[in-house]
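**Student:** sharing a model that was predicted from the sequence below.
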Amino acid sequence: MEACNAVEREVDRVLSKFGGINEHATRTLSNLISYIENLKKEYEAAPDNHEVSKVQADLLKQAMAKVKETVTRLATEHRDSHSTVSKVGKAIDRNFVSDFAATSRDDVFNTSEKLELLNKIICQHYHRHGYKDVAEELAKEANISPEFSSNEPFTELNHILESLKQKDIEPALAWAIAHRDSLEANNSSLEFKLHQFKFIEILLKGPASQNEAITYARMHFRPFAYRHAKEIQTLMGMILYLQSGIKNSPYQILFTTDRWIEIYDTFTRDACLLLGVSVNSPLTICVNAGCTAIPALLNIKQIMKDRQVAGIWNGKDELPIEIDLGSESRYHSMFACPILRQQSTENNPPMRLICGHVISRDALNKLCNGNKMKCPYCPMEQSPADAKLIYF
């Protein structure tokens, strides 16, 4: 992000300088044109047999010199701006590295199984985003079968999401009603929010829609009264402002664009939960994580290269540094051994001692002295065989 900010600052300088040059050139040329036009009118008003006096000749010479000086000065200012533009290219070269291969390993996709897995992930990504034809062509050329049995749910969801972008809630409302039991089991408020939008849509028709709105509320809001009583009371209060205009009422916050963004995100989240898939596709998650990690990886790669220890990274399945991808990218608990300060793996799982303290299996083996060991946190002696494997 810092690299982008550095380049953006240089671009802002260029735009600022160009704006100043343009403003100065426009003003200068306008004054010069006005001066020349006044001279022209003065000479055109003279009689046909009029001879140019010495004073008038001097004025013409001064005008010509002024034009030449102005053109030269503007050309110089334009030429000087080239150095500012070149600094943008230098900033890009300085802050961005084109060789991102330095952060990857050659053996990542060196087997047919790994390539097949990559193609499946890409194929699923296309299915999830509505590119059915592209996904089917990729599956055909790569000779793979999708991980899921049918792409119909994704086709339907993409149609509904596209309708929500157009502020049409009817497809989403029909879907929510059809999956009411599953949504209630997940404690979802999706159906109520959609009915809320429908109710507001009716009120926007004007005072003549009052009876229609009340009928709709009686028909659809009753099942949600125990959970959304306050929201329903707010919606009923909107009816009082039908005559004066509800868009100018205290309830105008319900008409903001953010409300549509909220219902779009709510539908996406609840629908993916029912399908048993993540909100974002695996490919999207990996790409976002990679973009977040690349700056730090390039930096540590250069440091390791300068210290001639680059080979340490190539031989391990873990990164040489910890990279924080943010809370939204944390999907499960992690355990780091407090003794060896290493993250646990399948070959080095966390082990619970009798005293309740937890360390890694490698640390347990190193602390063993025959059939006895002492806990590194308390003086309790125990047998390593009594340690229990912990699953997170």
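**Tutor:** It's in.
**Student:** which parts of whichever strand or helix holds D258 are buried?
**Tutor:** Per DSSP states H and E: D258 is located in helix 257-275. Residues of helix 257-275 classed as buried: I263, T266, F267, T268, D270, A271, C272, L274 (neighbour count, 16 or more other CB atoms under 10 Å). All C-beta spots, glycine's among them, are computed from the backbone N, C-alpha and C.
**Student:** just give the nearest non-adjacent residue to the first one, would you?
**Tutor:** Translated: I263. Counting by CB to CB, 6 or more residues apart in numbering, I263 lies nearest to K193, which is 5.5 Å off, once chain neighbours are set aside.
**Student:** my read is that that neighbour contacts W260, right?
**Tutor:** No. With contact defined as CB atoms under 8 Å, K193 does not reach W260; the gap is 10.7 Å.
**Student:** any idea how far stretch 274-292 is from the chain center?
**Tutor:** 12 Å (CA atoms, centre = their mean, to the nearest Å).
**Student:** next one: stretch 206-218
**Tutor:** 40 Å.
**Student:** what's the average pLDDT for that stretch?
**Tutor:** Averaged across stretch 206-218, pLDDT comes to 88.
**Student:** who's in contact with it?
**Tutor:** The contact list for stretch 206-218 (CB atoms under 8 Å, 6 or more residues apart in numbering) reads H195, K198, F199, I202, L203, K205, I232, L235, M236, I239, L242, Q243.
**Student:** would you list those in CSV and tack on neighbour count, distance to V85 and secondary structure?
**Tutor:** Converted to CSV, the contacts of stretch 206-218 look like this (neighbours: other CB atoms under 10 Å; distance: CB to CB, whole Å; DSSP: H, G, I helix; E, B strand; the rest coil):
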residue, neighbour count, distance to V85, secondary structure
H195, 24, 56, helix
K198, 15, 54, helix
F199, 23, 56, helix
I202, 16, 56, helix
L203, 22, 55, helix
K205, 12, 55, coil
I232, 19, 60, helix
L235, 20, 57, helix
M236, 14, 61, helix
I239, 17, 61, helix
L242, 18, 58, coil
Q243, 10, 60, coil
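**Student:** reformat the residues you listed as a markdown table; add distance to D93.
**Tutor:** As requested, the contacts of stretch 206-218 are exported to a markdown table (distance: CB to CB, whole Å):
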| residue | distance to D93 |
| --- | --- |
| H195 | 56 |
| K198 | 55 |
| F199 | 57 |
| I202 | 59 |
| L203 | 58 |
| K205 | 59 |
| I232 | 60 |
| L235 | 58 |
| M236 | 63 |
| I239 | 63 |
| L242 | 62 |
| Q243 | 65 |
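**Student:** from the residues you listed, which is closest to R307?
**Tutor:** H195 (62.9 Å; CB to CB).
**Student:** how near is the residue nearest to the closest one when sequence neighbours are not counted to L235?
**Tutor:** In space, and not counting its chain neighbours, H195 is closest to H220: 4.7 Å by CB to CB, 6+ apart. Look at H220 and L235: by CB to CB, to the nearest Å, they are 11 Å apart.
**Student:** if I look at those two, which residues touch both of them?
**Tutor:** Contacts common to H220 and L235, judged by CB under 8 Å, 6+ apart, are F199.
**Student:** which residues does the helix holding D258 contact?
**Tutor:** By CB under 8 Å, 6+ apart, helix 257-275 touches 153, 157, 160-161, 164-165, 167, 169, 172, 175-176, 179, 182-183, 186, 188-190, 193-194, 197, 278-279.
**Student:** how about a cut-off of 7 Å?
**Tutor:** 153, 157, 160-161, 164, 167, 172, 179, 182-183, 186, 188, 190, 193-194, 197, 278-279 (CB atoms under 7 Å, 6 or more residues apart in numbering).
**Student:** so which of the residues you listed are in helices?
**Tutor:** Judged by DSSP state H, helices contain the following of the contacts of helix 257-275: P153, L157, I160, L161, L164, A172, S182, L183, L190, K193, L194, F197.
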